[in-house]
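Novice: Just a sequence and a predicted model for now, questions to come.
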Amino acid sequence: MFEWLSLGFTTPAVLLALTALPALWLLLRVTPPQPRRIDFPPLRLILDLAPQQESPARTPWWLLVLRLLVAGLVIVAMAGPVWNALKQAVGRSGPVVLMVDAGWAAAPDWLDRMTAAEEIVRSAARDDRPVAVVSTGAPLAEVQMGDAGAALEKLRALKPAPHMPDRAAILPPLGRFLARERNAELVWIADGVAQGAQAPFRDGLKALVGSHALTIVSGPAARPLALAGVENAAAGMSVRVLRAEPNGRDAGVVRALDKRGLPLGEAPFSFSAGAAETRADLTIPVDLRNEIARLDIADERSAGAVALVDESSRRRRVGLVSGATADVAQPLLSPTYYVARALTPYADVREPRMGPNDAINQLLDEKVSMLVMADVGALPPDIRQKLANFVDKGGLLLRFAGSRLATATNDELSPVKLRRGGRALGGALSWESPRTLAPFDQASPFFGLPLPKDVGITRQLLAEPEADLSKKTWAALSDGTPIITAERRGQGLLVLVHVTADTTWSNLPLSGLFVDMLRRVTALAGAGDPQVQANANGQPATVSPLRTLDGFGVFQPPPATARPIALNAPLLASLDHPPGFYGSPDTPVAVNALAADATLAKLDVSGLGATLQPLRSEPPIDLRPWMIALALLGFAVDTLAVLWLGGRLTFGRARRAATTAGVILLAGAALLAAPPPQAFAAEQRPPVSPKEMDAALTTRFAYVTTGDANVDEISRSGLAGLSSFLSARTALSPGDPAPIDPARDELAVYPIIYWPIVAGRPAPSEAAVRKLDDFMKGGGTVIFDTRDALSNRPGGAPTPETAALRQILAGVAVPQLEPVPRDHVVTKAFYLIDSFPGRYADGQTWIEALPREGPDAERPARAGDGVSPIIITSNDWASAWAVGRRGEPLYPLTPGGARQRELAFRAGVNVVMYALTGNYKADQVHVPALLERLGQ
Amino acid sequence: MVKVRVLGAAERAVGTRHATGALDLARRLPRLAIEARRIAATAAHGIHGRRQAGSGEAFWQFRAFVPGEPAHRVDWRRSARDEERYYVREREWEAAHTVWLWIDRSPSMGYASALSQAPKIDRAIVLGLALADLLVRGGERVGHIGLTNPVASRSIVDRIAEALAADQTPPADLPTPLPLAPLTEAVLISDFLTPAGRVQDAIERMAARGAGGHLVMVLDPVEETFPFEGQAVLADVESSQTLRVGDAGAFGALVRQRLQAHRQALKDACARRGWTFAVHRTDRPASEALLSLAARIAERDAGMAGVRIGGGG
């Protein structure tokens, strides 16, 4: 019904309810939303008017459409819509042969293939059609038909093979089956990749299919990427990246892993448009490069995307032999010194400390892949024979000239015939200056190396002119004399450098060119395959599998079907030889899924007359929740619209409502996506108590509750009295004083805290002291009142109250204190006073010491930068301030009198003003001077 | 749809904003315009002679002393020149004009729409107070019917505003229809959304002794144009009556027709007693209404003076 939409329904019968929509339309149309209410004062003048048109307005069409849409959505949602619903079976009747490509190329999207296969099997089962599953990955004797259960079981057992299987192998049994079952249908889940010639399989299949229906399920483009042909060149390791056809995967990353699977590096690659092959170059240091055991394409799970690297592309084992035995004592003068230094980073250099003959023997036994002989002259015949054999079997013999070689006669192990004696250039008896190198020929392996200007050759061995001398020449001097010659012998290579390996004949070993040249020569050295050498007796040497790859490119123990591989043949992966490492764990041989020169081609299915189906990879999506959500959204819009039509929602409020709705939605989304709720809780500040709110909104004083009810009452009534006095005399109208507990309450909202000291009470907690300290540092003022002026004796023992105060202040950073000086700004903050009496008149009042000024400072008032965080008095101020409900003083004063009470209040006012305004009054004293300066 | 708003009782209360607004408005009026009007109105404004003997400063005439009069009235200087009789110096009777103001504060006045500049009640009070200020500055005495006595105080705005604010009696649709003294004028500012018959009765009774008057009908633009569409429920402001209208757009024509008739009836009622009638919409500036009202008062005074001069001369 909805094939073109790839939309399906789980219960399509519900869709019948859609036919009820027209009825709903009629119903909705005649029930318009509630009318809006308009306040209209002149109504009483027109009440008797009968409205001419009484028929109500219809529901607006857009509201109607919206409601119908919502209803339709609900109905459709109830029918269980599914996007990408599973498709029906491919054909109509007869047995189904399901042919599954199961090579590595099928591995990347194996699950999709299996899903598609199961889908086909299930649809066949629904039609009661027998199914046969045929995999290209395993040998097939006969096609066996079975029911869907057996087919599914077989499907689930299928695994992609790590090699590229030969599809033609299944043609004979398939042909026999198709010939037997005339109405069989063939479904081929193809991977879209072909290697090698395609014609035999295609033609064979075409012949087989004949009149049978053939469906090919394949992706729109072949997805797999593959690696082949690792080359550990001088500049870096590079690998070919292949694909069968342009498939949109134009860029990627090749990872390099070592033997244990640890990543060593990455190399990006990108295909140019339409290209099927590109290269990835790993530019990592060569010693790291030598550790690489495996290259793979990141995120590509297939054996084809893995290139294993073995000894052959790793560093060479190089033996060094010097003709001078005595040089051992002076290693820096050894002819091999420069060679060893140049080769060590790239090769495994062995240099036995013994005579040349023994050394050569030993090195050949060690299976070096390259032997460097520096100025080795005549050799005994057996050694010479061994060396010749070494070169024949792929070894590389690099010789440097020298005086010994110059005198040797008839040396066969030289690419060219040498003239006896050589020549000297630029010497004392020569007119010629030292020769430099000519640019390298294109055929030379050194082609492209930069030529340093300062290389000079003073002496060299000369080659006898031959017909093919120029062919053998890798490097020549500027006058054309060969300086490096080479000859291929058997599988190996013989290279001769016509100068010494040290600096006696030339300064070439000192140049960077020397290092580059040696590297290139080393790269030419064939792999020292010990197995090949060991079994060179005619029988093909075989090595058994060590670790093999499965189809997904994962290492695993070799399967039971894996068999040893012969080394003399090209190492190609097959069913018997799955890709992996073979041989000994030390020097394993790598077998890759793709040969070094492999190419991939697009599978050609033209001419088969097949029905093509895309391999679906999107899973079915259940649309029901989305539709219901959409319907709910429609309901919400409908509600808003009805409110708006009814006049209950104006535009401004609508916008606000929309914003609110948006915020709620966002918050919901955030809640869904978000971290557990305690993350929010951690960020929330503790709630502000009403008490703090009040204190913050109205300036009020606080007193510390001591636990002694009498003292607390004195504090409260005292501060209340001071507050009313302030309201009467000043512009400040403080609120009711607040009792606080420093440990629990927020102190920052109070400007002044009055703290009467009561002896014998427990010391405040550490938290309280810390908060008190913070309060004082934050600009608050604490008034400590020890109330002990009567009992305090100067110089006497501290009173209990003083002791208690000291205990409290032990944890507080108290500034330096001094008795209030006469010129302190607190004495002039509101009233001009000179003492701070309270209930007692003779107690001392302490305040933060002001910075001393010079003796010539004539200022009438001094102030520091801020407000003193602490004021300590012993005069029991609160008792003097305390008034009753009718304003009557509560406590008698000592010595007494209305004047003392007035002064006590004035002192309190000054302290409050000082705490609230700071050094403002101290600045005021400049006003006369300023006015005078202005000419008043 | 035009948004409308009914003000609550608190919003309708008279406050400082009205007094300040009125003073602002009165001050904003171009002084020249006022001066021009005063000149045009000749003696109509301010301390104007009543062209008859009475208590005043200006000399009016000498007349013969009538026996029985108090002796201190004799003008001895004049009498000394005549041997036969005594003379009495008469001064011209001077009297300030009295204007009675009345501002409607009923709930229906607390009404504003999105088209208006201010609620009706704000506009009415500002207009009334500004007029009072203007008149007092012109030398008239102004009082609010039922609230204050007519005075010529410079702080008339504050006095009337205070009286309005202090008034606790439930606001009525129309002023107490007591006959006003002759030669006084009434200025009624209201929306006059009461049946025209009642308004006419009130006018008749107030003008029974010959007082003049001016009606200013303050309307919200919505009340005049009825710019509503679709289905609606019309609700009264002062009662709980509602009217369901199927199609407000079609109903609007009827409404406008009815309101037009109502206005015509009011105009006729005014014309019967020589009162003036004007409509002020709250989407127009208040100064416009104030100027036209002041002009009408001045015109009427001038007319009256002219009639009197013509008749008495």
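Specialist: Cool, the structure landed.
Novice: quick check: domain ranges of chain B?
Specialist: Domains of chain B are assigned by automatic domain parsing as B:4-46+B:96-312, B:50-94.
Novice: and of those domains, who's closest to residue A:402?
Specialist: Closest to residue A:402 of the domains of chain B is domain B:4-46+B:96-312 (Cβ to Cβ; 110.2 Å). To be clear about C-beta, it is placed using only N, CA and C from the backbone, and glycine gets the same treatment.
Novice: follow-up on the earlier one: quick check: which of the domains of chain B is buried the most?
Specialist: Stretch with highest mean neighbour count among the domains of chain B: domain B:4-46+B:96-312 (a mean of 19; mean count of other Cβ atoms under 10 Å in any protein chain shown).
Novice: Go ahead and measure how far that one is from the middle of the chain.
Specialist: Offset of domain B:4-46+B:96-312 from its chain centre (Cα atoms, centre = their mean, to the nearest Å): 7 Å.
Novice: same question, stretch A:251-263
Specialist: Distance of stretch A:251-263 from the chain centroid (Cα atoms, centre = their mean) equals 17 Å.
Novice: what comes up buried for that stretch?
Specialist: A:252, A:254-257 (16 or more other Cβ atoms under 10 Å in any protein chain shown).
Novice: just stretch A:748-767 next, same as before
Specialist: Buried, per 16+ other Cβ under 10 Å, within stretch A:748-767: A:749-758, A:764.
Novice: and which of the buried residues of stretch A:251-263 is nearest chain B?
Specialist: residue A:252 (62.6 Å; Cβ to the nearest Cβ).
Novice: Is chain A within reach of stretch B:163-175?
Specialist: No - applying Cβ under 8 Å from any Cβ of the partner chain, one finds stretch B:163-175 separated from chain A by no less than 10.2 Å.
Novice: With just CA atoms, put that stretch into PDB.
Specialist: The C-alpha coordinates for stretch B:163-175 follow below in PDB (Å, rounded to 0.1, in the frame of the first residue of the first chain):
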ATOM      1  CA  ALA B 163     -12.300  66.900  48.000                       C
ATOM      2  CA  LEU B 164     -12.700  64.400  45.200                       C
ATOM      3  CA  ALA B 165     -10.300  62.000  46.900                       C
ATOM      4  CA  ALA B 166     -11.900  62.400  50.300                       C
ATOM      5  CA  ASP B 167     -15.400  61.800  48.900                       C
ATOM      6  CA  GLN B 168     -16.700  58.500  50.100                       C
ATOM      7  CA  THR B 169     -20.200  58.600  48.800                       C
ATOM      8  CA  PRO B 170     -20.900  56.100  46.000                       C
ATOM      9  CA  PRO B 171     -20.300  57.900  42.700                       C
ATOM     10  CA  ALA B 172     -23.500  58.800  40.900                       C
ATOM     11  CA  ASP B 173     -24.200  59.000  37.200                       C
ATOM     12  CA  LEU B 174     -25.500  62.600  37.400                       C
ATOM     13  CA  PRO B 175     -25.100  65.500  39.800                       C
END
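Novice: Need the contact partners of it.
Specialist: B:13-15, B:18, B:102-107, B:125, B:144-148, B:186, B:188, B:190, B:193-194, B:198-199, B:202, B:206 (Cβ atoms under 8 Å, 6 or more residues apart in numbering or on different chains).
Novice: Mark which of the residues you listed are part of helices, please.
Specialist: Here DSSP state H is the test, and the contacts of stretch B:163-175 give B:18, B:125, B:198-199, B:202, B:206 as lying in helices.
Novice: give me the beta-bridge partners of residue A:781?
Specialist: Here residue A:781 sits in beta bridges with residue A:752, going by DSSP bridges.
Novice: likewise residue A:566?
Specialist: Here residue A:566, judged by DSSP bridges, has bridge partners residue A:542.
Novice: I'd guessed it sits against residue A:574; true?
Specialist: No - look at residue A:566 against residue A:574 with Cβ atoms under 8 Å: they stay out of range, at 11.8 Å.
Novice: ok, the two, which is more surrounded?
Specialist: Taking other Cβ atoms under 10 Å in any protein chain shown, residue A:566 and residue A:574 do not tie; residue A:574 has more neighbours (17 against 14).
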